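**Student:** Let me see the structure of the following:
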Amino acid sequence: MAPAAGTGVALLPLVSRCWFRHAIPLAVLLLLLLYIWAWSLQVLPGCRSGAQSCVPQGPPPAQVPRQSGPPEAPEWEEPQCAGPQGALGRVVGPFRASLHPEGDVALPQYLAGWRALVRFLAPLGSIFAFATSEASAKVMALEARVHGPEAAHYSSLAAMAAWERRAGLLEPHGVAPRDPAGSSGSRTLLLLHRALRWSQLCLHRVATGTRGGPDAGAQCSDAYRTALAPHHPWLTRQAVRLAFLAFPGRGHWLELACPGAGEAEARAALARAAGTLGDVYNRTQGLLAKLDLLQLA
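**Tutor:** As a prediction, this is how the structure comes out:
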């Protein structure tokens, strides 16, 4: 009997490790299910419908400084994987095309860029699968307007905001809509805009992080706290915190960005993509501030 008891004791650490490894994704799934349940009750913004929203007070976020790529990639040299046929090139192209020379943002191209970004991020694990499903729903809601009966008013951000203000479609500042599916196009775009900031910060920090420094999970978790956490209720923040425990490493990011390429080329491609997302974010941020739309959600 003594050897059997000894074997049982020896198995305890192994059982504990196995339980912990499986407990993390189960806990994440449980919190996300609770989040979806809360959303179905229309309390997603963290407040009841018709109540003041939980948008933090104070000045709007500053624009993103223009960030350059790693020193291994000269400014005139574009990595091959950032070209039109590369995964990142398919993200960057539509976003670049969305920047009107007149200073506006073209909605069809902006949404096409988001669709490509969703495809790029989705394979990166549970945190991005959840975030991209939320983004996809918002993209589809805006596309229904861009291609709907009022399409003439949804060609660009400025045109959309002007039309929705004239038509009385904009929500009062700080008041959540009773039906989230009926949000104005301007409010939906504002939510996508905040998510773009997180994606931009995450890509840039993965691209420029130093060896021996914080890992990709820590850097993207910090980006989340900067860009999105102030706008999320406690339940969502806890679910995201747990999901970051299973975040992919930097090597997986670089391989996804530039399959088969060297580390320097992959880092350069990610940095350039982050730079383009930063340009789009800054343009959109400026317009939303000018049009007094930053407090819609």
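
**Student:** so where's the stretch 151-297 of the chain shaky on pLDDT?
**Tutor:** Per-residue confidence of the stretch 151-297 of the chain (counting by pLDDT under 70) places the weak regions at 174, 178-181, 212-214.

**Student:** Let me see the ranges of the helices in the stretch 51-200 of the chain.
**Tutor:** For the stretch 51-200 of the chain, helices defined by DSSP state H, counting those that start in this stretch occupy the ranges 87-97, 107-121, 126-146, 157-166, 185-208.

**Student:** Tell me which of those helices lies nearest to Val280.
**Tutor:** helix 87-97 (4.9 Å; CB to CB). Glycine gets a C-beta too; all of them are placed from N, C-alpha and C.

**Student:** other SSEs contacting that closest one?
**Tutor:** Of the remaining helices and strands, those touching helix 87-97 by 3 or more CB pairs under 8 Å, 6 or more residues apart in numbering; DSSP states H and E are helix 107-121, helix 250-257, helix 263-290.

**Student:** Which elements pack onto the longest one?
**Tutor:** Applying 3+ CB pairs under 8 Å, 6+ apart, one finds that helix 263-290 makes contact with helix 87-97, helix 107-121, helix 157-166, helix 185-208, helix 250-257.

**Student:** Which one, of these, ends up nearest to Glu134?
**Tutor:** Comparing the helices and strands packed on helix 263-290 by CB to CB, helix 185-208 comes nearest, at 7.6 Å.

**Student:** Buried residues, the following helix or strand past that closest one. List them.
**Tutor:** Counting by DSSP states H and E, the next helix or strand C-terminal to helix 185-208 is helix 216-227. The neighbour-count check on helix 216-227 (16 or more other CB atoms under 10 Å) flags Ala216, Gly217, Gln219, Cys220, Ser221, Asp222, Ala223, Tyr224, Ala227 as buried.

**Student:** Output the residues you listed as JSON lines; include the columns distance to Leu270.
**Tutor:** As requested, those are exported to JSON lines (distance: CB to CB, whole Å):
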{"residue": "Ala216", "distance to Leu270": "11"}
{"residue": "Gly217", "distance to Leu270": "16"}
{"residue": "Gln219", "distance to Leu270": "12"}
{"residue": "Cys220", "distance to Leu270": "12"}
{"residue": "Ser221", "distance to Leu270": "17"}
{"residue": "Asp222", "distance to Leu270": "17"}
{"residue": "Ala223", "distance to Leu270": "13"}
{"residue": "Tyr224", "distance to Leu270": "18"}
{"residue": "Ala227", "distance to Leu270": "17"}
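
**Student:** Which member of those is positioned nearest Leu242?
**Tutor:** Distances from Leu242 to these, taken by CB to CB, are shortest for Ser221, at 10.8 Å.

**Student:** mind listing what the closest one touches?
**Tutor:** Contacts for Ser221 were tallied using CB atoms under 8 Å, 6 or more residues apart in numbering; they are Val240, Arg241, Phe244, Phe247.
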